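Engineer: model this:
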Amino acid sequence: MHKQTDMYTKRVIVVDHDTETAQLMAELLRSEGFAPLCYPTWLLSIASIEQAQANLLILELGIGDPGAALDLLCELRRNYHTRALPVIVDSTDDRLLDRLAEPLRELGCVRLAKPFKLDDFFLSISVCLDAGRSQTQPLAC
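Structural biologist: Numbering: from 1, shown residues only. Next up, the predicted model:
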């Protein structure tokens, strides 16, 4: 994929239950000029997201409690400093992504099924960053 000069300063938070997957995504992001910040799910909070001053959040929706992820996303949208942060929600569970399609859409999130093609991964990032520049995400909570 062609590197764009405006991506060199973009910070992307990657949250994945699997450390190896998070590291792989971080390497992919670095290869395109992004600055990835990996957080384990148990350390992620609105305060850590706000402090990172990221341009994008990639959040895995695991098999565990999807309600906790939705609660975090709602809190993210209520927070003045993070409400416009673009979010990609990814998961290996297509049925879960389908079941949560409406609340994720209302929260302004882009869904990405795993495993994904690299083109789909970077297209999702591009769409999120372009949308984040032009509008504020909706507040659905």
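Engineer: in terms of helices and strands, where is residue 89?
Structural biologist: Assignment of secondary structure by DSSP states H and E places residue 89 within strand 87-91.
Engineer: please enumerate the strands of the protein.
Structural biologist: For the chain, the strands defined by DSSP state E cover 11-15, 35-39, 56-60, 87-91, 109-113.
Engineer: comparing those, which comes out most buried?
Structural biologist: strand 56-60 (a mean of 24; mean count of other CB atoms under 10 Å). C-betas here are computed from N, CA, C, even on glycine.
Engineer: now do the strand holding residue 89, average pLDDT.
Structural biologist: With pLDDT averaged residue by residue, strand 87-91 scores 95.
Engineer: what's the answer for stretch 34-47, then?
Structural biologist: On average, stretch 34-47 scores 87.
Engineer: tell me the span between the first and last residue of it.
Structural biologist: Terminal residues of stretch 34-47 lie 22 Å apart, using CA to CA, to the nearest Å.
Engineer: what pLDDT does the residue lying closest to residue 12 once chain neighbours are set aside get?
Structural biologist: Setting aside the residues directly before and after it, residue 12 is nearest to residue 56 in space (CB to CB, 6 or more residues apart in numbering), at 4.6 Å. Residue 56 carries a pLDDT value of 96.
Engineer: please name the residues that touch residue 56.
Structural biologist: Residue 56 is in contact with 10-13, 85-88, 125, 128-129, 132, counting by CB atoms under 8 Å, 6 or more residues apart in numbering.
Engineer: how close does it sit to residue 36?
Structural biologist: With the distance defined as CB to CB, to the nearest Å, residue 56 ends up 10 Å from residue 36.
Engineer: any common contacting residues for those two?
Structural biologist: Common contact partners of residue 56 and residue 36 (CB under 8 Å, 6+ apart): 11-13.
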